[in-house]
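*Asks:* Here is my input, please return the structure:
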Amino acid sequence: MSITISPAQKAFYLEKGYLVLPPLTDAAELVTLRETCDHLISSGAGRKDGNQHDLTGTEKQTDATKESVPQLLHPSRYAPQLKATRVWDHAVDIAMQLLDVGSYTKEQLVVRDHIIVKPPGSTKPTPWHQDEAYWKDDVAYNELSIWIALQDVTEDMGCMTFIPGSNKREVIPHHPWQNNPKIIALETDEGHFDATQAVPCPLPAGAATVHHCRTLHYTTGNRSNSSPRRALILTVGTPPQPLATPRNHSWNKERRAY
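*Replies:* Numbers count the residues shown, from 1 in each chain. Model (predicted):
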């Protein structure tokens, strides 16, 4: 079964910078995805490579407690079966329909994946940011991210929250969260957007949000005491193109000094 994006959905995405989609897979695959996610995090997959860390703590903090937000970059390197899942295939199909792919084929798209887990009772938010702020400043990106809920996600559990229309802006200034360059998470500088415009997007298990790489977004901590909030995120785009005039993401240079 393929996922078809309607003209109305595409128009909404292009205008608002985000989109909410119904479940991309069935209950059986979701069970397998949750088990895979839990195993990767608990076994420490990627730690030696620097790919598993605490998103809102220092890079050396990797224990999955309620005070941390474990993130694993490139989980498919440690669990290759993820690339054979229905959600992976659907995510790339969705990107093909929403991006201006030109002459690029589905097989030529760049796909990056990561997992973020917020344990029950977690107090740490994921600060307001644009994904592109984390990336290289000498290339242009044409990318979006599909954020797949591996269980029901309510507002209390930390659902995705967006600022509509922020996809049309340039990358705005960011800084390391809490102004600590040892923390991986970035946060936008104050005064660049109106948080009262924020739209939370709770999801049933298997459903997804899609957002442009410049769309401002945020999640709260997992204030529930019932379940980890697990998300599989696939970032899909055409190959980045060199910029004639590089930008200056000075905040990343500051973090790399550590």
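*Asks:* where do the strands sit along the stretch 151-258 of the chain?
*Replies:* Using DSSP state E, counting those that start in this stretch, the strands of the stretch 151-258 of the chain run over 160-162, 174-176, 186-188, 199-201, 208-212, 217-219, 229-237, 241-242.
*Asks:* Comparing those, which comes out most buried?
*Replies:* Most buried of the strands of the stretch 151-258 of the chain by mean neighbour count (mean count of other Cβ atoms under 10 Å) is strand 208-212; its value is a mean of 26. From N, CA and C alone the C-beta is placed, and that goes for glycine too.
*Asks:* What residues does residue 218 make contact with?
*Replies:* Residues near residue 218 by Cβ atoms under 8 Å, 6 or more residues apart in numbering: 125-129, 161, 198.
*Asks:* for the protein, which spans come out with low pLDDT?
*Replies:* Applying pLDDT under 70 to the chain flags residues 1, 59-67, 256-258.
*Asks:* What are the buried residues along the longest helix seen in it?
*Replies:* The longest helix of the chain (DSSP state H) is helix 27-42. For helix 27-42, burial by neighbour count (16 or more other Cβ atoms under 10 Å) applies to 29-30, 33-34, 36-38, 40-41.
*Asks:* What lies in contact with it?
*Replies:* The contact list for helix 27-42 (Cβ under 8 Å, 6+ apart) reads 25, 45-46, 52, 64, 70, 72, 75, 78-79, 81-82, 85-87, 115, 117, 150-151, 205-206, 228, 230, 232.
*Asks:* List phi and psi for residue 75.
*Replies:* Per-residue torsions, residue 75: phi -60, psi -30 (degrees, to the nearest 10).
*Asks:* so it sits right up against residue 117, yeah?
*Replies:* No: here residue 75 does not reach residue 117: they are 11.0 Å apart, not a contact under Cβ atoms under 8 Å.
*Asks:* right, so of the strands of the stretch 151-258 of the chain, which gets closest to residue 11?
*Replies:* With Cβ to Cβ as the measure, strand 208-212 is the member of these nearest residue 11 (13.5 Å).
*Asks:* strands paired with the closest one, and their directions?
*Replies:* Paired neighbours of strand 208-212 in the sheet (DSSP bridges): strand 18-21 (antiparallel), strand 143-149 (antiparallel).
*Asks:* Pull up the gap between residue 8 and residue 95, please.
*Replies:* Note on residue 8: its distance to residue 95, by Cβ to Cβ, to the nearest Å, is 18 Å.
*Asks:* Of those two, which one has the most company?
*Replies:* Between residue 8 and residue 95, counting by other Cβ atoms under 10 Å, residue 95 is the more crowded of the two (26 against 8).
*Asks:* Look up the closest residue to the more buried one, ignoring the ones flanking it.
*Replies:* Nearest-residue entry for residue 95: residue 236, 3.7 Å, with adjacent residues in sequence omitted and distances by Cβ to Cβ, 6 or more residues apart in numbering.
*Asks:* Show me what the one you found is bridged to.
*Replies:* Beta-bridge partners of residue 236, counted by DSSP bridges, are residue 111, residue 144.
*Asks:* Could you do residue 116 as well?
*Replies:* Beta-bridge partners of residue 116, counted by DSSP bridges, are residue 71, residue 231.
*Asks:* One more: the one 10 residues further on?
*Replies:* Here residue 126 sits in beta bridges with residue 219, going by DSSP bridges.
*Asks:* Next: residue 153.
*Replies:* residue 203.
*Asks:* wait, it sits on residue 202?
*Replies:* Yes: Residue 153 is within contact range of residue 202, at 6.0 Å (criterion: Cβ under 8 Å).
*Asks:* Those two: which is more packed in?
*Replies:* Using other Cβ under 10 Å as the criterion, residue 153 and residue 202 rank with residue 153 on top: 28 against 17.
*Asks:* Now do the contacts for that one.
*Replies:* So residue 153 contacts 159, 202-203, 229, 231 (Cβ under 8 Å, 6+ apart).
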